[in-house]
Structure formats: C-alpha cells, structure tokens
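Asks: Any chance you could fold what I've pasted below:
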Amino acid sequence: MAEQKEADAARLHQEDVDIKRGDDGEAPSGGGQAAADNDARPSTTTTERHLSIQTQLEGLEMLVDLNGAGRKSCPLCPEEKFKACYSHKLRRHLQNLHWKVYVEFEGQRMCICHLPCRNLKPSLSGDQASGRHVAHYHCVVCSVTIARKTDMISHLKRHVNKGETEASYSGGLDIALEEPAPSSQAYEIMKELGTNVQLLPNHTTPQKSDTYFNRKMKTNRQLVFCSLAVLAEERNPLECLDAFGATGIMGLQWAKHLRNAVKVTITDISDTCVKMIKENCELNHIRVDGGSRGVSSEVEGLPIATVEVAKMDANVMMHLRPFDYIHLDPFGTAVNYLDAAFRNVRNLGIISVTSTDTGSLYAKSPNVTLRHYGCHIVRTEYYKELAARMVVATVARAAARCNKGIEVLLAVALEHFVLVVVRVLRGPMQADESAKKLRKLVHCQWCEERVFLKLGTMVDDTLPCNCHGSLPGKTAVQLGPLWAGPLFNTGFLRRMLSAAVHHSMDDVQPLVKTLICESECTTFKSLVHGPSALMNQVECGVVIKTLQSGEESSSDQPGKRKTGEDSGNVVKKLKSDASLEHPPFYYSIHRHSIRGMNMPKLNKFLQYLTEAGFRVSRTHFDPTGVRTDATLEQFKSVLTKYSVPTYINATTTQTSVSTEKTL
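Replies: You can find the predicted model right below:
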C-alpha cells in the first residue's frame, strides 16, 4: 500500500513538472497534444497575466492543489531551487517567500518570481551557461521583468505619470508607448467656478505631466478673473491671452462667464495640452477656433462662447498679435516672457504675472535670485512683501526697455505663488517715472529696521535705529533694487470686489477686503462698502467708471488719456495724494514681542497704535503682521507700554491664595 502511494505521488509530481515546463516554452513530456494547443493559441499567452500577479494569497495557493496527497513543487520556483515537498511546507513557502515580498499596484500584487523568465546572469568567469537565474517581478502593466523591488516601484511610477494605469499584459513596452491613452481611461472631472475640466491621473506632478493642474492655485485664478472682469468693464471686447493653458481651466472660465465681452486665446507648446484643452472646450459647450489653421470643432447644441486654441510658444504668440490682457503663469519664473509681453500689449492694458519659484523668491536660493531677478535679498521677517516688490521691479525694468511704464494694481504673495497685476502705460515719460521708483533697501540685520535708500545718502545715516553705533561690525546691508512705489490700487480693488460678488466668488472676497484695507492703511471695514466705494476712481490720469456710471462728469471715452488742464489737474491731484499711499513693509508683533511680557491682542494693539496717531492696518502677507507708518522704535514703545509682565499674574494668584488661607 505504501509503495502504491509513493508511485502515485511520483506520478503527480512528474505531471506538475511537465506542465510547468510547458508554460516555460518547452514541450511537455506527456505528449504532443499539449504542445499543439500552445502553438495554436499564441495570443493568449501574451495577453494573460503572469502566475506571480495575484490579488489574494488564495489565488497563489490555487496554482497548486495543496489539499491533495503527496509532494508538490512550487509554481514560482524551478525544481533545482525548491524541491517538491508536502502541502504544509509548500504553503509556508508560498506565504513567506513569494507573497510577503511583493509590489502592489491598483489592488494587484506582483509576487517575486524565480522561474527562468529572464536571461541567465553570467558567472564571475563570464560563462553565462554556468550562471544562475535572477529573481524578478513581472510588471502588471507592460509585463516587463525587473529584478529589484525599488526599480519596479520606480517603473510603476513612470506608468502613472504617463497615464498608463490599466493592465495591458502585453509582451513588450513599446506598444504601450506608441499607442495613445485608451478612451476608457478613467479621467477625473473637476469643477471650479462652474467650469468642468477633465484631468489625467498624473495632473499633480508638473515635472512628469504636461497637463498640470494645481488645486491650491484656485485663489490665484479667481484674482486673475476679477482683474479681467474689471478691465472688461472699461473696453469691450477684450483680446486676452492665457499664455500657458495646460488644462485650459483659466481661459475657459474667462470665456464661460464673460462671454462676448472677451475674445480668449489659449496657447500651449505641448500637443497633449492642446488636445486636452479642446476636449475641455467640448465638455463646457464652447466652440474651438483653431486660429491660423482654420480648424474648428463643433459642439453639441448652441455654443455659449468661442475660444481660440493654438499650439505655439508663448513668446511667439505675444510677438505676433497685440492683446489687451495677458496672463503669464509658467511653471517657475516668468522673467523669460516679460519682454515679449510688453512688446505688443496695448496701451492701458493689463499684464498679470504669476511666479511660483518660491525658492528664489523667498531667499532660499540667493544665487538663483540674482540670476533671474538681478536682486540681492536675504531672509527677513517681511520676506513675502520683499518677494512681491522684487517681482514688480523686474516687471518695471522689462516695461522700461520697451519705453513703457507700469502702475501696480495688485501684488499678492501667498504660500505657493506671487501674483502681480500691472497696468501698462505707453510712453518714455511713463517709463522714466516707473524707473525712478526702483531703489535699494537698507536693512538692519540686528533689529530688522528697514528704509528705502535715497540718492546721495550715506547708508549708515539712513536707518533710524542706532545699531551701527552701539554694535561692532557691519549691521546694515543693501537689498534690491526693489519697487518702492505702492503695491495696490484702491479703486481697482473695489471694482474687483464688486466682480467677485457678482460672480459668486465667496472664497476670494475676504482676501480682497483685506487688500482694500491694506491699500488705504486703515482698519475700518466700512470703507470697503461705504459711499467712497461708489465714487469714480482716477487711475493714471484716466477716470475709470465704477458702480455709479450715470454720474460721470467727464465726457472722455473709457480707455483714453485726458489732455490739457484736466490732465494737469489730475496729475496734481495724484501728487497731492501721494502722502496717503500705504507705507511700505510691515512689522510682526510676535517677532518684536518682549520676553517675559504678555503682549496685547492684535486687534487691541491696532487700536492702541491708531490712538497714538499712526496709520495702521492688517496685511495679507503675514497674519501677525502690522502695516504702519511708525518706525520700529515707535512700534516697540507702544508694544511695551501696553504689555503686561507675566509674573504679575502669578503674584496676584499667590496673594489671593494666602488671603484665603488666613481667613
């Protein structure tokens, strides 16, 4: 009886070995019928997944009948590596060796395989015949074999970055790269401001993806939209350009909400982006105009707007055609596109620049800052406003090279980006006026007092602090050149707030209200919605229409510069109101707090500074920052006056406790 069981076990083991060799491409010893079947079905062997790719451990155990009697061999190991054994040992071998050492992808586990699927690794003598087989993994997407686990993980990440997330189980990698993404690929549909865009699975990796989309830039897109809506009230229709389309979300929002007031052009250099933009236009029922190629795509139903999509470099597009509004948002710095933007922009047009190279803007890479912006900066407490003024200075120099000046309408520096919106003023006189506002900044590295350097003034005599006389060595350093003019235009911000309310942008309204108070350097929120918000705003000698369009006293057309006595009166008025501009930079109340003292609440401290006769406001650059025209010494004196020593509370508590004990 025992001899018969051993014979049956030997026969079962021999059948398993024959089947395994048949899978490896060798003819099984059981007969020629199995070989004929394998030759008749070559396509199934290339499309079926490998044995080592399983979803559960039970699937790996089902490859071998573990409930049967006798010794069984491992389906993922050759006979010379792992000899046939009984069920309990084989189950432990599959679980500990193959199942635990895996790479997971989309719910599929790629277990390690020891079969001779790869070429032999040559021995030390160089003889490949006497070498050994290398353990490897089979890719679930392209069926390629990779030896190291870390290399397989990197290989799968490249598949994800290319949008290849479905298993193809093909015989090679070239097929997956040559064919485009399948139509059944799961796109992520995102909706922002009533505009739908479809995103690739790798839209969050800008280095790997052409169609990059950043959800954190929603505030940036809404600010740009509001600035365009304000310009659309002045002139109609507008020719606006989204120079770096990517998914086309920004240009589609312009066209969908402003419609006939704007003529939107979206351009990108990538074929993938252009294709994605056209698909997103169809998704939003927007007709695509191919521009010079004359290609247009029909959308279902009546199109709500028309967008021109062009595959072209941004510099080439800005040199070919003039625009009223240009938005530059490349990945990183925008200094390479400023000359082309100012070359062909119309008079009194608007250019918005978004810079995301926070490493060089926030003084983390000073050498890159000097190379891109031509400025020398150090890390300070007001580093965000320093970055905004540095970008404005670079924009002003680019405009001056084209005999044009700028007026800063908006400058915002948040965690992820720096946004600068400027109005273009044509003429060499305007360029000279803008160039005069580029100055060096004298910064004390000890107390962080700062002041813009005037011409013909000694550096040490400029700072109001006495750190240079009381401390040895050099305490002051020159930063810049930076923009020394105002960073905000109050009338423009008020009309941006009106546009945000009109288009239901609830997220950006608190920020715009903060900017309005910061531009006027006041803490009164009533000025945002007060009667002054309904008055006409004078910008660059031009009366701009606001909410009360029927009470215009000027007969000039919007977008035209005033001349004669009226223009001279406006210039005098602007010069007389120069003292009302918001003071540069701010102080952090926590940075200058006194050790051992409990400082007052921020709102109370703002009230104390106002009572002392200083102009005060909050700032969006820093939640603990205070923008004021007071010097640092005056700022600290008020802070010290209203700070309470910490030990007073402890002394008062001990006195009350001792009194209770006495009673």
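Asks: need the strands for the stretch 251-400 of the chain, in chain order.
Replies: Per DSSP state E, counting those that start in this stretch, the stretch 251-400 of the chain carries strands over the ranges 262-268, 287-289, 296-297, 306-311, 323-328, 345-355.
Asks: Lowest average confidence across those strands, which one?
Replies: With a mean of 46, strand 296-297 has the lowest mean pLDDT of the strands of the stretch 251-400 of the chain.
Asks: can I get the strands of the stretch 251-400 of the chain in TSV with distance to residue 98 and mean neighbour count?
Replies: Every C-beta, even on glycine, is put in place using the N, C-alpha and C of the backbone. Shown next, in TSV, are these (distance: least, CB to CB, whole Å; neighbours: other CB atoms under 10 Å):
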stretch	distance to residue 98	mean neighbour count
strand 262-268	46	25
strand 287-289	52	20
strand 296-297	51	14
strand 306-311	49	22
strand 323-328	54	26
strand 345-355	51	23
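Asks: now those in a markdown table, with distance to residue 454?
Replies: Compiled in a markdown table, those are given as follows (distance: least, CB to CB, whole Å):
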| stretch | distance to residue 454 |
| --- | --- |
| strand 262-268 | 43 |
| strand 287-289 | 53 |
| strand 296-297 | 58 |
| strand 306-311 | 47 |
| strand 323-328 | 33 |
| strand 345-355 | 28 |
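Asks: Break the protein down into its domains, please.
Replies: Domains of the chain are assigned by the TED database as 53-118+134-161, 188-290+303-490, 585-647.
Asks: Residue 235 contacts residue 325, doesn't it?
Replies: No: contact between residue 235 and residue 325 fails when scored by CB atoms under 8 Å: they sit 9.8 Å apart.
Asks: Quick one: closest of the strands of the stretch 251-400 of the chain to residue 161.
Replies: strand 262-268 (18.3 Å; CB to CB).
Asks: Tell me the neighbouring strands of that closest one, and mark each as parallel or antiparallel.
Replies: According to DSSP bridges, strand 262-268 forms sheet pairs with strand 238-242 (parallel), strand 306-311 (parallel).
Asks: nearest to residue 78, of the ones you listed?
Replies: If we rank the strands paired with strand 262-268 by CB to CB, the stretch that ends up nearest is strand 306-311, at 53.3 Å.
Asks: what separates that closest one from the chain centre, distance-wise?
Replies: 24 Å (CA atoms, centre = their mean, to the nearest Å).
Asks: and if you look at stretch 99-109?
Replies: What separates the centre of stretch 99-109 from the centre of its chain is 32 Å, taken as CA atoms, centre = their mean.
Asks: What's the local residue count around residue 69?
Replies: Neighbour count for residue 69, taken as other CB atoms under 10 Å: 12.
Asks: next one: the one 3 residues further on
Replies: Per other CB under 10 Å, the neighbour tally for residue 72 reads 21.
Asks: ok, it to residue 402 distance?
Replies: Using CB to CB, to the nearest Å, we find residue 72 at a distance of 81 Å from residue 402.
Asks: for residue 343, same thing?
Replies: Between residue 343 and residue 402 the computed distance is 6 Å (CB to CB).
Asks: Compare neighbour counts for these two and give me the winner.
Replies: Between residue 343 and residue 402, residue 402 has the larger neighbour count (other CB under 10 Å), namely 18 against 15.
Asks: Mind checking what secondary structure residue 64 has?
Replies: coil (DSSP: H, G, I helix; E, B strand; the rest coil).
Asks: centroid residue for the chain?
Replies: Residue closest to the mean C-alpha point of the chain, counted by CA atoms, centre = their mean, is residue 214 at 4.7 Å.
Asks: Could you list the low-confidence segments of the stretch 301-450 of the chain?
Replies: 301-302 (pLDDT under 70).
Asks: Return stretch 340-348 as PDB; C-alpha atoms alone will do.
Replies: Extracted in PDB, the C-alpha atoms of stretch 340-348 (Å, rounded to 0.1, in the frame of the first residue of the first chain):
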ATOM      1  CA  ALA A 340       7.600  89.600 -25.300                       C
ATOM      2  CA  ALA A 341       4.600  90.500 -23.200                       C
ATOM      3  CA  PHE A 342       5.400  94.200 -23.100                       C
ATOM      4  CA  ARG A 343       6.500  94.300 -26.700                       C
ATOM      5  CA  ASN A 344       2.900  94.100 -28.100                       C
ATOM      6  CA  VAL A 345       0.500  94.800 -25.300                       C
ATOM      7  CA  ARG A 346      -2.000  97.700 -25.900                       C
ATOM      8  CA  ASN A 347      -1.900 101.000 -24.100                       C
ATOM      9  CA  LEU A 348      -3.700 100.900 -20.700                       C
END
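Asks: Go ahead and name everything in contact with it.
Replies: Stretch 340-348 is contacted by residues 234, 243, 314-315, 318-324, 326, 328, 351, 398-399, 401-402, 404, 423-426, 540, 542, 559, 561 when judged by CB atoms under 8 Å, 6 or more residues apart in numbering.
Asks: returning to that earlier point: format the strands paired with strand 262-268 as JSON lines; extra columns: distance to residue 504.
Replies: Below are the strands paired with strand 262-268 laid out as JSON lines (distance: least, CB to CB, whole Å):
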{"stretch": "strand 238-242", "distance to residue 504": "21"}
{"stretch": "strand 306-311", "distance to residue 504": "22"}
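Asks: Would you tell me which of these gets closest to residue 486?
Replies: Nearest to residue 486, of all these, is strand 238-242, at 25.0 Å by CB to CB.
Asks: ok, back up a step: and among the domains of the chain, the most buried is which?
Replies: Among the domains of the chain, domain 188-290+303-490 has the highest mean neighbour count (mean count of other CB atoms under 10 Å), at a mean of 20.
Asks: thinking again about what came up before, next up, phi/psi of the residue nearest to the centre of the chain, please.
Replies: Per-residue torsions, residue 214: phi -120, psi 120 (degrees, to the nearest 10).
Asks: who are the neighbours in contact with residue 102?
Replies: 109-112.
Asks: from these, which is closest to residue 439?
Replies: Taking these together and measuring to residue 439 by CB to CB, the closest member is residue 110, at 61.7 Å.
Asks: After the strand or helix carrying that closest one, which helix or strand is next?
Replies: Assigning secondary structure by DSSP states H and E places residue 110 in strand 108-111. Using DSSP H and E, the helix or strand that follows strand 108-111 in sequence is strand 137-138.
Asks: what mean pLDDT does that next one have?
Replies: 88.
Asks: So what are the sheet partners of that strand and their directions?
Replies: Partners of strand 137-138 in its sheet, by DSSP bridges: strand 145-146 (antiparallel).
Asks: who's in contact with the strand it pairs with?
Replies: 113, 117-118, 136-139, 152, 155.
Asks: Might you report the residue contacts of residue 219?
Replies: 414, 507-508, 511.
Asks: Could you dump those into CSV and include distance to residue 371?
Replies: Below are these laid out as CSV (distance: CB to CB, whole Å):
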residue, distance to residue 371
414, 24
507, 35
508, 33
511, 31
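Asks: Show the buried residues in these.
Replies: Neighbour-count burial (16 or more other CB atoms under 10 Å) applied to the contacts of residue 219 gives 414, 508, 511.
Asks: so how far is residue 384 from the last one?
Replies: Residue 511 is 14 Å from residue 384, where distance means CB to CB.
Asks: can you check the first one too?
Replies: In this structure, residue 414 lies at 8 Å from residue 384, with CB to CB as the measure.
Asks: Also the second one?
Replies: Relative to residue 384, residue 508 is positioned 18 Å away (criterion: CB to CB).
Asks: what secondary structure does the closest residue to residue 505 other than its chain neighbours sit in?
Replies: Nearest residue to residue 505 in three dimensions, chain neighbours excluded: residue 222, at 5.0 Å (CB to CB, 6 or more residues apart in numbering). Secondary structure for residue 222, judged by three-state DSSP, is helix.
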